[in-house]
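Student: this is a predicted model, with the sequence first.
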Amino acid sequence: MKYAGQTYTLNYDPLDQQINFDGIFRLAGDDEVANVFAYLTTIHDAVQGTLRLSFRRLRYINAEGMRTLSLFVAFARGRNSLQLLKVVASGVLAWSVKLLPNLSNLWERVEFSVYDHNFYESQQLIEDTAFIPLLRNQTRVLWPHERALMQHHGLKRGMRVADICCGCGDVPLLIARELKPSFVVGVDHSEAAVSYARTLQAEFGVHNSEFQRGDATALMLDDHSFDFVSCRLSLQIFSRPEQILRELMRITRPGGRIYVTGEDYDLIVAHPEEAAIRHTYERTAALAAELGIDLRNGRKLYGMLNDARLEAIRVDQLVVDTSNTPREDFAAMVEQWRNFATFSVGSSLKLNDQERDQLLAGYAAHLRTIERPNGYTTWTTMVCSGQKPLAHRAE
Amino acid sequence: MEIGVFAHVDPASAFSFAIALPTLDLQRQWGRCNLLANYVAEYVAYQFPQREWAENLISTVTNEFLEAIALLAPAQSELFIRCFQLPETLELELEHRVEAELVDLYMAFLAELADSLQEAHYFALLTATERPAVAFNQFGLAMLVHDFSARIAARLDPQTKRICVRVSLPTREITG
């Protein structure tokens, strides 16, 4: 059941018992207030237990909009039939964090929460400025190979491209510069990463790109508006990647392609010192799992896209190794991995000195292998893409 | 007559801009308050690293301010919007004429906002089942003070009934 104003929609999802507010809810006039109020109360009377009001995709509200919500809370309090009225804000939207908590003061059964506050376990680590050098080093190693793979997976000149969870923005900018799409938007939840991306954009002199801070599970991007939507090395950090995939599907035009990549630490191969290196990455994967990061996520991507009913799914392995990548670049990336695993993750999980030393020793073995002229090692990323069915046009 | 404190602005050193427009434009097409607020927000927020947060907050504040003033100013009058950035605050200023019968009421309300807005009064405005009998956006202005830590100052010229209202928004609010 849906109610549409000029600049907003209210859409009830019975599966979640949730009303999704979308757009700009700046109400004007008593008639509009009355119509919205009538819609909310109709939904209210059809719900038992908990009703959720989600404002994660509502860009703006005004005083009349807030007053209407307060009237609805008063109505619910008077009816006294709901057990809980959950009000869900977005940490990206200043208004929602500032104004919505006031509703909790109107009725003790109103529960206010910010959806993307600690919404994945490793958020503090991943969104820290210190994570950016790791991303940059990975791009230096991956891009020379991934450039062609993206084209193989359907990225063409003139397309509208969205890169969701774009990190520090270097990949969308490289896409803009080298693959000539008509427009690229990069979205990331990290303030530090988006700020870095904008600085990099100025340095690259790229004009057909834009960066947004946003929540990947509630994107401020229109339905069916992109030809090629990528989400690289990011589904692995979320405990419910299907929520992101749903948003990728929503913003992709029917017939457009969704491109995802993921790591698989079991596919890291090295020689010599293979036992020590293998043990190190198994241990790292185990530690990451404690923070909700799945470093064996690559093998699951095909199934995720298949479950999402994408068509014409393609899978490739992007293998970077010491024969196709400069050894110093490979080593710089592994040094960043070492620092992240040992110090950032290690501190977060309160590793003791012995555990930390073991990890450092393992990464040192890997670095020795990379530096040896005869040493060989690989890092494999699974690349998977699928086409959004044309039937989605009917939605 | 002056309410609150007007921070000194050195136009030579501060980032600033000004817009003049007919009140009637906003009154005929209420959606223009939204458009103008979004324009001001985008223009100002560009310089903040936390751009989305800043834009969202500045637009929300500016829209409430505009919606309040647009109802008070006579249709045939002109609105002047000015914006200055000071080290600790962003100053939004609206200068306009007020319908003669609303002057005292409006100034009294601004004085309350500038002095100390009572929590009970804020929630009374939020939960009011009817709009205030005197048509100006009291709750919107109260929101600025209560929820965005804005400070209000106002200056009235009793001869011309022109009023200049300034909203000082702390930079720490804009940077999240």
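Tutor: Structure received.
Student: quick one: the residue nearest the centre of chain B from A:Leu82, how far?
Tutor: Chain B has B:Phe65 as the residue nearest its centroid, 3.3 Å off, counting by Cα atoms, centre = their mean. Look at B:Phe65 and A:Leu82: by Cβ to Cβ, to the nearest Å, they are 35 Å apart. For glycine as for every other residue, the C-beta is placed from the backbone atoms N, C-alpha and C.
Student: buried residues in the least confident helix or strand in chain A by mean pLDDT, which are they?
Tutor: Ranking every helix and strand in chain A by mean pLDDT, DSSP states H and E puts helix A:123-126 at the bottom, with a mean of 86. Within helix A:123-126, the residues scored as buried using 16 or more other Cβ atoms under 10 Å in any protein chain shown are A:Gln123, A:Leu125, A:Ile126.
Student: equivalent analysis for stretch B:151-169, please.
Tutor: Buried, per 16+ other Cβ under 10 Å, within stretch B:151-169: B:151-156, B:161-169.
Student: what is the most widely separated pair among those?
Tutor: Within those, B:Lys161 and B:Leu169 form the most distant pair, 26.4 Å apart (Cβ to Cβ).
Student: state the mean pLDDT of the longest helix along chain B.
Tutor: For chain B, the longest helix by residue count, based on DSSP state H, is helix B:51-72. Confidence over helix B:51-72 (mean pLDDT, whole number) is 93.
Student: can you list the weak-confidence ranges in the stretch 51-200 of chain A?
Tutor: Across the stretch 51-200 of chain A, nothing is flagged by pLDDT under 70.
Student: can you list the residues of it near chain B?
Tutor: A:59-63, A:66-67, A:70-71, A:74, A:92-95, A:98-99, A:102, A:105-106, A:191, A:194-195, A:198 (Cβ under 8 Å from any Cβ of the partner chain).
Student: where do the strands of chain B begin and end?
Tutor: B:2-3, B:15-22, B:78-85, B:89-97, B:151-157, B:162-170 (DSSP state E).
Student: and of those, who's closest to A:Gln48?
Tutor: strand B:162-170 (42.7 Å).
Student: packing partners of the closest one?
Tutor: helix B:51-72, strand B:89-97, helix B:103-115, helix B:138-148, strand B:151-157 (3 or more Cβ pairs under 8 Å, 6 or more residues apart in numbering or on different chains; DSSP states H and E).
Student: where do the strands sit along chain A?
Tutor: A:2-4, A:8-13, A:18-25, A:49-61, A:82-89, A:110-114, A:160-164, A:183-188, A:209-213, A:226-232, A:252-263, A:270-271, A:311-321, A:376-387.
Student: that older thread, would you turn the strands of chain B into a markdown table with mean pLDDT?
Tutor: Listed next are the strands of chain B as a markdown table, based on pLDDT from 0 to 100:
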| stretch | mean pLDDT |
| --- | --- |
| strand B:2-3 | 92 |
| strand B:15-22 | 91 |
| strand B:78-85 | 93 |
| strand B:89-97 | 94 |
| strand B:151-157 | 94 |
| strand B:162-170 | 95 |
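Student: who does the nearest residue to B:Phe15 once chain neighbours are set aside form a beta bridge with?
Tutor: Nearest residue to B:Phe15 in three dimensions, chain neighbours excluded: B:Gln85, at 4.2 Å (Cβ to Cβ, 6 or more residues apart in numbering or on different chains). Note on B:Gln85: beta-bridge partners B:Phe15, B:Leu90, judged by DSSP bridges.
Student: which residues are in contact with B:Gln85?
Tutor: Residues near B:Gln85 by Cβ atoms under 8 Å, 6 or more residues apart in numbering or on different chains: B:Ala14, B:Phe15, B:Ser16, B:Val44, B:Gln47, B:Glu91.
Student: what is the burial count for B:Asn34?
Tutor: Using other Cβ atoms under 10 Å in any protein chain shown, B:Asn34 is surrounded by 21 other residues.
Student: list the residues that contact the closest residue to it other than its chain neighbours.
Tutor: Among residues not flanking B:Asn34 along the chain, A:Arg26 sits closest, at 5.1 Å (Cβ to Cβ, 6+ apart). With contacts defined as Cβ under 8 Å, 6+ apart, the neighbours of A:Arg26 are A:Thr7, A:Tyr60, A:Ile61, A:Asn62, A:Glu64, A:Gly65, B:Gly31, B:Cys33, B:Asn34, B:Asn63.
Student: roughly how far does A:Arg26 sit from A:Gly91?
Tutor: Where A:Gly91 is concerned, A:Arg26 sits at a distance of 21 Å (Cβ to Cβ).
Student: repeat for A:Tyr115
Tutor: From A:Tyr115 to A:Gly91 the distance is 7 Å (Cβ to Cβ).
Student: neighbour-wise, which of the two wins?
Tutor: For the pair A:Tyr115 and A:Gly91, the greater number of neighbours falls to A:Gly91 (20 against 17), based on other Cβ under 10 Å.
Student: so who does the more buried one touch?
Tutor: Taking Cβ under 8 Å, 6+ apart as the contact definition, A:Gly91 lies against A:Val97, A:Val114, A:Tyr115, A:Asp116, A:His117, A:Asp215.
Student: kindly report the same for A:Ala285.
Tutor: A:Tyr265, A:Leu295, A:Arg296.
Student: ok, now with 10 Å
Tutor: A:Ala285 sits next to A:Glu263, A:Asp264, A:Tyr265, A:Asp266, A:Ile268, A:Ile293, A:Asp294, A:Leu295, A:Arg296, A:Ala341 when contact means Cβ atoms under 10 Å, 6 or more residues apart in numbering or on different chains.
Student: which of those residues sits closest to B:Ala100?
Tutor: For those, the nearest to B:Ala100 is A:Ile293 (65.9 Å; Cβ to Cβ).
Student: wait, the closest one sits on A:Leu125?
Tutor: Yes. Between A:Ile293 and A:Leu125 there is a contact under Cβ atoms under 10 Å: 8.9 Å.
Student: alpha carbons of the top helix by length along chain A, as PDB, please.
Tutor: In chain A, assigned by DSSP H, the helix with the most residues is helix A:132-152. Extracted C-alpha coordinates of helix A:132-152, given in PDB (Å, rounded to 0.1, in the frame of the first residue of the first chain):
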ATOM      1  CA  ILE A 132      43.000   4.200   2.700                       C
ATOM      2  CA  PRO A 133      46.600   3.300   2.000                       C
ATOM      3  CA  LEU A 134      45.600  -0.400   1.900                       C
ATOM      4  CA  LEU A 135      42.900   0.400  -0.600                       C
ATOM      5  CA  ARG A 136      45.300   2.400  -2.800                       C
ATOM      6  CA  ASN A 137      47.800  -0.400  -2.800                       C
ATOM      7  CA  GLN A 138      45.200  -3.000  -3.700                       C
ATOM      8  CA  THR A 139      44.100  -0.800  -6.600                       C
ATOM      9  CA  ARG A 140      47.600  -0.400  -7.800                       C
ATOM     10  CA  VAL A 141      47.900  -4.200  -8.000                       C
ATOM     11  CA  LEU A 142      44.400  -5.000  -9.300                       C
ATOM     12  CA  TRP A 143      43.600  -2.200 -11.800                       C
ATOM     13  CA  PRO A 144      46.000  -3.200 -14.600                       C
ATOM     14  CA  HIS A 145      44.100  -6.500 -14.800                       C
ATOM     15  CA  GLU A 146      40.600  -5.500 -13.700                       C
ATOM     16  CA  ARG A 147      40.400  -2.800 -16.300                       C
ATOM     17  CA  ALA A 148      40.000  -5.400 -19.100                       C
ATOM     18  CA  LEU A 149      37.900  -7.600 -16.900                       C
ATOM     19  CA  MET A 150      35.300  -4.900 -16.300                       C
ATOM     20  CA  GLN A 151      35.000  -4.400 -20.100                       C
ATOM     21  CA  HIS A 152      34.700  -8.200 -20.500                       C
END
